[in-house]
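> Got a predicted model here, sequence first, then my questions.
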There are 2 protein chains.
Amino acid sequence: MHDTSEPRPHTGRRRNEAARRAILDAGLGLLADADGAPVTVETIARAAGVGKQTLYRWWPSKGAVLLDALLDRAAQDVPAPDTGSLQEDLRAVVTATFESAQRSPSGPALRTLVREAARDPRLAELLRTFTESRRAAVRTVLERGRERGELPADQDVDLLVDQFYGLFWYRFLLGHAPLDRPTALRLADSLLGQASPERP
Amino acid sequence: MHDTSEPRPHTGRRRNEAARRAILDAGLGLLADADGAPVTVETIARAAGVGKQTLYRWWPSKGAVLLDALLDRAAQDVPAPDTGSLQEDLRAVVTATFESAQRSPSGPALRTLVREAARDPRLAELLRTFTESRRAAVRTVLERGRERGELPADQDVDLLVDQFYGLFWYRFLLGHAPLDRPTALRLADSLLGQASPERP
DNA sequence: CGTTGCCGAGACCGCTAGTCTCGTCAAGGG
DNA sequence: CCCTTGACGAGACTAGCGGTCTCGGCAACG
C-alpha cells in the first residue's frame, strides 16, 4: 500500500499553464468558426503552437479538450429562477437558453461539439452532465410551479422538459427556424397551455 | 445538341439487379445492428459479396447507399389523416410516428443514419427531404384543424410541429425516455393545450 | 549539477472514404 | 460467331483522421 496523498511531492518540470490556455483558446476558436477549417487534433495543436503529445498528456481525447474549452467559457452553475410565478420563471429560463445559444463563440462551438458527439460515445457521455444540469434547472422550475398549483398535479413534467429541450436542440442544430425572443415567449406559454398569440 | 432520349440505346453488360438488392439489404442489415460492427463501405461491399467500385458506380457516397437502403423499406408516402377531428388526427400521426420508429430494422437504421449525417453534410441534405415530407404531413393536419377553428387562428403552427418533432428526435436519438403509446397521446393533447392526464 | 518530467516536433500506426486499375464476364450488333 | 461495350469482383492505392511513440531540449527542484 502506498500513501495516497502525495507519496512524492513532485519533481521535474511543471505543467506549462500558458500551453493549457493556448490549447483551450485555440480549441474554442476553431470550434466557433468550423465553417471552413476542420477541427482536428493537428489544427488545434498547430494553432496553439503546441505538440500533439502535450495535448494528449492532459486530456484523454480530442472531444475532452473541446468540451473543456467550452466549459471554460460557459456558465457552470445554471440558475433556476424563483419569482413565485411559473410563467415568469419559465419564460426567463427559455429566453436565457435561447440567448446563450446565439452567443459567440460558445454557440457555434456547442453545435460542432454535439455533432462530434454523434460519432464519439465518450464525448456524448461527457456532454451528458453538461445538458443534464440544464434539464434539471427547467425541471425544478416546473415542479415548483406544480407545487404551487400552477400546473395540474398529474402533469408529466419530463414530457414538458423534453418538449422544450427537444425543440431547442432541433432548431439549434438544424437552424431551419429562429430561436429568438418572441419564439421563446410563445414556447414558454405554449408549454403551460396558455393562449400563445403571435403578437402579444 | 444530342438527342436527349437515348442517342445510343445501350451496349455492353447490363446492371446486375441482384447486386443492387444485395447492397441495399446488406446496408440496411448492418445499419440496423450497428452495435458491434461499424458500417463502413468495406463491410457493406463484403457483406453483399460485391466490389467497392460497383457500389460507387451507382451511388455517389456511402451515405447515399444507406439512405437508399432505408427508403427501400420505409413508407414513401406519409399519410395525413383527416377524420374531421384535430385531436384524433394528431393523436394518429404522433402514435404512428412513434410506432414506426420502434420497428426494426428501420428504426435503428434511421438512428445510425442520423448520427452519420451529423458529420456528413451531403447525407444531412439527403435526409432533409425525408424529414420534410413528414413535417409537412403534421403541418397539414394542424392547419386543417386551425381552419376548422380547433386551434387559435394566430397559433404558430411551425412551433407546434417543432415541439412534436423536436421531442421525437430528442428521445429517439438519446433514448432517455420512452416513445410509447401513452406518451404519444399525452404529447398530442399537450400540443393542443388540452388537459393531459397521465391516466386518461 | 544531476535527476525528473514537461516541452515541441514529427514519424508512425490503424482505420476510413473514395479512386484507380486490373483481368473477367455478359449482352448485344455486325 | 466473334468483337465491342461496359458492368463485375478484387484489391492496391491515396489522403486524412485520431491517437501513440520517440526524440532531443529544457525547466524545476534537491
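All right, it came through fine.
> Return the backbone torsion pair for the residue of chain A found nearest DNA strand C.
At 2.1 Å from DNA strand C, A:Gly12 is the closest residue in chain A, using Cβ to the nearest atom of the strand. (Each C-beta comes from the backbone N, C-alpha and C, glycine too.) Note on A:Gly12: backbone dihedrals following degrees, to the nearest 10 are phi 80, psi -180.
> What is the burial count for it?
A:Gly12 is flanked by 4 other residues according to other Cβ atoms under 10 Å in any protein chain shown.
> show me the contacts for it.
Listed by Cβ atoms under 8 Å, 6 or more residues apart in numbering or on different chains, A:Gly12 has no contact partners.
> A:Gly145 too?
Per Cβ under 8 Å, 6+ apart, neighbours of A:Gly145: A:86, A:89-90, A:151.
> Mark which of those are part of helices, please.
Among those, the ones falling in helices (DSSP state H) are A:86, A:89-90.
> now, which of those lie close to chain B?
Near chain B, judged by Cβ under 8 Å from any Cβ of the partner chain, there are no entries from those.
> So which of these wins on neighbours?
Among the ones in helices among the contacts of A:Gly145, the one with the most neighbours (other Cβ under 10 Å) is A:Leu90, at 25 neighbours.
> before we move on, the earlier item: how near is the residue of chain A closest to DNA strand C to A:Leu55?
19 Å (Cβ to Cβ, to the nearest Å).
> Ok, A:Glu132 next?
Taking Cβ to Cβ, one finds A:Glu132 at 27 Å from A:Leu55.
> Between these two, tell me which one has more neighbours.
Using other Cβ under 10 Å as the criterion, A:Glu132 and A:Leu55 rank with A:Leu55 on top: 22 against 12.
> tell me which element that one is part of?
In this structure, A:Leu55 is located in helix A:52-58 according to DSSP states H and E.
> What residues sit buried inside that helix?
A:54-55 (16 or more other Cβ atoms under 10 Å in any protein chain shown).
> List of residues touching it?
So helix A:52-58 is contacted by A:15-16, A:19-20, A:23, A:41-42, A:44-45, A:48, A:65 (Cβ under 8 Å, 6+ apart).
> How is chain A partitioned into domains?
Recorded structural domains for chain A (assignment: automatic domain parsing) are A:17-73, A:86-191.
> With distance to A:Pro79 and mean pLDDT as added columns, please give these in a markdown table.
A markdown table is the format used below for those (distance: least, Cβ to Cβ, whole Å; pLDDT from 0 to 100):
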| stretch | distance to A:Pro79 | mean pLDDT |
| --- | --- | --- |
| domain A:17-73 | 17 | 94 |
| domain A:86-191 | 7 | 96 |
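> Find me the pLDDT at A:Asp3, would you?
You'll see A:Asp3 listed with a pLDDT of 42.
> go on, A:Gly84?
96.
> Skipping its backbone neighbours, what lies nearest it in space?
Spatial nearest neighbour of A:Gly84, chain neighbours left out: A:Arg148 (7.7 Å); criterion: Cβ to Cβ, 6 or more residues apart in numbering or on different chains.
> Give me the phi and psi angles of the one you found.
A:Arg148 has phi and psi values of phi -80, psi 0 when expressed as degrees, to the nearest 10.
> Tell me the buried residues in the lengthiest helix in chain A?
What stands out as the longest helix in chain A, according to DSSP H, is helix A:121-147. For helix A:121-147, the buried set under the neighbour-count rule, 16+ other Cβ under 10 Å, comprises A:123-124, A:126-127, A:130, A:134-135, A:137-138, A:140-142, A:144-146.
> what helix or strand does A:Ala177 sit in?
A:Ala177 is part of no helix or strand, with elements assigned from DSSP H and E.
> so it makes contact with A:Phe168?
No: with contacts counted by Cβ atoms under 8 Å, A:Ala177 stays clear of A:Phe168, the gap being 11.2 Å.
> between these two, who's got more neighbours?
Using other Cβ under 10 Å as the criterion, A:Ala177 and A:Phe168 rank with A:Phe168 on top: 21 against 15.
> Provide a list of residues in contact with that one.
For A:Phe168, the contact set (Cβ under 8 Å, 6+ apart) comprises A:97-98, A:101, A:179, B:166.
> Output the set of residues of chain A in proximity to chain B.
So chain A meets chain B at A:114-116, A:118-119, A:152, A:154-156, A:158-160, A:162-163, A:165-171, A:177, A:183, A:186-187, A:190, A:193-199 (Cβ under 8 Å from any Cβ).
> Just the ones in strands from those, please.
If you go by DSSP state E, the residues of chain A next to chain B have nothing in strands.
> circling back to that earlier point, run the chain-centre distance for the longest helix of chain A.
With Cα atoms, centre = their mean, to the nearest Å as the basis, helix A:121-147 stands 10 Å off its chain's centre.
> that older thread, what sits up against the helix or strand following the helix holding A:Leu55?
Next along the chain after helix A:52-58, taking DSSP H and E as the criterion, comes helix A:62-73. If you take Cβ under 8 Å, 6+ apart as the criterion, helix A:62-73 is touched by A:23-25, A:27-28, A:31, A:39-41, A:44, A:55, A:59, A:105-106, A:109-110, A:112-113, A:116-117, A:120, A:122-123, A:126-127, A:130.
> from those residues, which are also near DNA strand C?
Counting by Cβ under 7 Å from any atom of the strand, the subset of the contacts of helix A:62-73 that neighbours DNA strand C is empty.
> How about the residues of chain A by DNA strand C?
So chain A meets DNA strand C at A:8, A:10-16, A:19-20, A:49-54, A:57-58 (Cβ under 7 Å from any atom of the strand).
> give me that answer again for 6 Å
Counting by Cβ under 6 Å from any atom of the strand, the positions of chain A adjacent to DNA strand C are A:11-13, A:15-16, A:19, A:49-54, A:57.
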